[in-house]
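> how does the following fold in three dimensions:
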Amino acid sequence: MSFPPEPSGRVVITGMGAITPLGSTIDTFWPRMLAGESGIAPITQMDASDYPTKIAGEALDFDAELYLDKREAKKVDRFIAFSAGATAQALADAQFPLDDEELKLETGCLIGSGIGGLIMMSDQTKRLWESGPSRVSPFLVPYMIPDMASGYTSILHGFKGPNTCVVTACATGVNAIGDAYHIIKRGDAVAMMAGGTEAPISPIGLSGFCAARAMTTNNEAGSRASRPFDLNRDGFVMGEGAGVMVLEDYAFAKARGARILGEIVGYGMSGDAHHITMPDPDGDGARRSMLKALKSAGLKPEDIGYINAHGTSTPYNDKFETIGIKRAFGDHAYNVPVSSTKSSIGHLLGAAGAVESVICVKALLDGKLPPTINYETPDPECDLDVIPNVARDADFEYAMTNSFGFGGHNGTLIFKKTVE
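Numbers count the residues shown, from 1 in each chain. You can find the predicted model right below:
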């Protein structure tokens, strides 16, 4: 296959895949999200009876053996299996030519994870204390480290282009897609598998976030516990899953006759330099991230027709993100529809921004804005148009998504409606 002599400077999306608590394919989860359904329920993967938080968003219908042979499916950590599944879906969606060895030299992988193999680490730490060091699996380190989502994807499909990883906590998915976008723009690859994956529902994961008092303890609310921007929000609900996009140089995608789903036109990053877990109270890091994305896209705030907010359902995040949006968008902040889809699927941590990027592209393609469910009591300090409870029809050209992570990592992506 012939490649463009020079990069076109444009990066398009030709395939997408997702594993979520509302369904383990896009065709499954997207209609349920638009219908206002929730994937939050009591935890089944472990005994959570002794934990302050007993609910989560689990990908209960995920079957690793659809994407990996039976032995590998049982051996790898769940976050790796999620990335393998989402990537396989995205490749099939893109009708990507996997038999072209020359193309594989120019195709890379950038699939991040905020935490990596927590389940593997929990299981093997337990084995260490109970049975001694000789009983620890030799696969502990390879299947625990966050870069193995990209590494394993590269090995599975023979992709020999840039093979790297982003670890920026809950900003990981956005940063992974944004960094892959830059790799293609500068000509270091013609195609990238990009996204995020996370499988944090484990004793150590649940313990750590409960100890940090970041998660809801409103277990009785069940599916109604994740309530971003609502006055009575009390913490996030943990979720699991993955989102992966096939990104391609525009000229190459057109030359191979690919179906183009959308285009990435803007990417911004910033650092809060404030606190290890709490966002900047002035929303300044969020503001600068959004403004950098707008500048890189050559757009004005008025051009954005939808914002998929980070919106974690924690008291601080939602308030400070609202402040950041107001400071970045000025008067238009009250005109642009905003939703937090974490209300439906929980917070997928390092996978959140990747799945939310998929949601943005689907919203652009279908002209449907997903709702913020469980929005019952408006918070005067979160007074944006949060699309309460019911999906909304909309005709718009640009969508923005925000992701913010522990450590003060901020990332923003802007997507344009399909160029075809």
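> now K254, nearest residue through space, not along the chain?
I260 (7.8 Å; C-beta to C-beta, 6 or more residues apart in numbering). Just so you know, the C-beta spots here come from the backbone N, C-alpha and C atoms, and that holds for glycine as well.
> burial measure for the one you found, as a count.
If you count neighbours by other C-beta atoms under 10 Å, I260 ends up with 16.
> can you give me the pLDDT of it?
The score at I260 is 97. That number is its pLDDT.
> so it: helix, strand or coil?
Following DSSP: H, G, I helix; E, B strand; the rest coil, we place I260 in the coil state.
> so what does it look like in phi/psi?
Backbone torsions of I260, given as degrees, to the nearest 10, read phi -100, psi 120.
> my guess is it meets I13, correct?
Yes: between I260 and I13 a contact is recorded at 7.2 Å, counting by C-beta atoms under 8 Å.
> tell me the contacts of L98?
Contact analysis of L98 by C-beta atoms under 8 Å, 6 or more residues apart in numbering lists L91, K104, H157, G158.
> and which of those residues is nearest to L291?
L91 (34.5 Å; C-beta to C-beta).
> could you list every residue that touches the closest one?
The contact partners of L91, by C-beta under 8 Å, 6+ apart, come to G15, G17, L98, H157, M193, V246.
> one more time with 10 Å
L91 sits next to T14, G15, G17, P97, L98, T153, L156, H157, M193, V244, V246 when contact means C-beta atoms under 10 Å, 6 or more residues apart in numbering.
> tell me the confidence at the fifth one?
Meaning L98. pLDDT, L98: 96.
> that's a strand at it, yeah?
No: applying three-state DSSP, one finds L98 to be coil, outside a strand.
> so where's the stretch 101-250 of the chain uncertain?
The stretch 101-250 of the chain contains no residues with pLDDT under 70.
> in the stretch 101-250 of the chain, which spans are strands?
Along the stretch 101-250 of the chain, counting by DSSP state E, counting those that start in this stretch, strands occupy 107-112, 163-164, 191-198, 241-249.
> among those, which comes closest to T372?
Closest approach to T372 among the strands of the stretch 101-250 of the chain (C-beta to C-beta): strand 241-249, 18.9 Å.
> in the next helix or strand after that closest one, what's buried?
With elements assigned by DSSP states H and E, the helix or strand that comes after strand 241-249 is helix 250-255. Residues of helix 250-255 classed as buried by neighbour count (16 or more other C-beta atoms under 10 Å): Y250, A251, F252, A253, K254.
> surely the second one meets A191?
In other words, A251. No: using C-beta atoms under 10 Å, A251 is not in contact with A191; the gap is 11.9 Å.
> same for the host helix or strand of L291, what does it pack against?
For L291, the host element (DSSP H and E) is helix 284-297. Applying 3 or more C-beta pairs under 10 Å, 6 or more residues apart in numbering; DSSP states H and E, one finds that helix 284-297 makes contact with helix 172-185, strand 262-271, helix 315-329, strand 398-405, strand 409-417.
> for those, give me TSV that also has mean neighbour count.
Formatted as TSV, the helices and strands packed on helix 284-297 follow (neighbours: other C-beta atoms under 10 Å):
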stretch	mean neighbour count
helix 172-185	28
strand 262-271	22
helix 315-329	23
strand 398-405	28
strand 409-417	26
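> now these as TSV including distance to I201?
Listed next are the helices and strands packed on helix 284-297 as TSV, based on distance: least, C-beta to C-beta, whole Å:
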stretch	distance to I201
helix 172-185	17
strand 262-271	28
helix 315-329	21
strand 398-405	19
strand 409-417	22
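> no more questions from me, cheers.
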